[in-house]
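>>> need a 3D model of the following:
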Amino acid sequence: MILSRKFKYIVLSMLLSLGLAACEKPGPAETAGKNIDQTVEKAGDKVNETADNVSDSMKEAADDVSDSMNDKNK
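Alright, predicted model coming up:
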């Protein structure tokens, strides 16, 4: 009787372990990681785009100031 009870517990624990292993879903963590990577990449692209726009604006402003100074010196 004791042996059969231990055997039942062993089989039950094995079945529960297999069931829990089958339920493990690596998908959500991977999906979250991919979403974070995509968000960081998009943010980096926006920062680069903004920096380029600021750089272009500063060049235009410098050109305008230079043209204005040249017009005053004439």
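>>> hey, where'd the helices end up in the protein?
Ranges of helices in the chain, per DSSP state H, are 2-23, 27-73.
>>> just give me how far the last one sits from the chain centre.
The one in question is helix 27-73. 20 Å (C-alpha atoms, centre = their mean, to the nearest Å).
>>> give me the helices and strands touching that helix, please.
Where contact means 3 or more C-beta pairs under 8 Å, 6 or more residues apart in numbering; DSSP states H and E, helix 27-73 is not packed against any helix or strand. No exception for glycine: its C-beta is placed from N, CA and C like everyone else's.
>>> average pLDDT across that helix?
Taken as a whole, helix 27-73 carries a mean pLDDT of 84.
>>> next one: the shortest one
Helix 2-23 carries an average pLDDT of 71.
>>> any chance of the helices of the chain in JSON lines, with mean neighbour count too?
Compiled in JSON lines, these are given as follows (neighbours: other C-beta atoms under 10 Å):
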{"stretch": "helix 2-23", "mean neighbour count": "9"}
{"stretch": "helix 27-73", "mean neighbour count": "10"}
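>>> how about D63, what does it touch?
Residues near D63 by C-beta atoms under 8 Å, 6 or more residues apart in numbering: none.
>>> so how far is K46 from it?
To K46, D63 is 26 Å away according to C-beta to C-beta, to the nearest Å.
>>> from K6, how far out is M14?
Taking C-beta to C-beta as the measure, M14 falls 13 Å from K6.
>>> for Q38, same thing?
In terms of C-beta to C-beta, Q38 sits 52 Å off from K6.
>>> what does K72 give?
100 Å.
>>> now K42
From K42 to K6 the distance is 57 Å (C-beta to C-beta).
>>> so how far is A43 from the residue positioned nearest the centre of the chain?
Centroid-nearest residue in the chain: I36, 1.6 Å away (criterion: C-alpha atoms, centre = their mean). Distance of I36 to A43, given as C-beta to C-beta: 11 Å.
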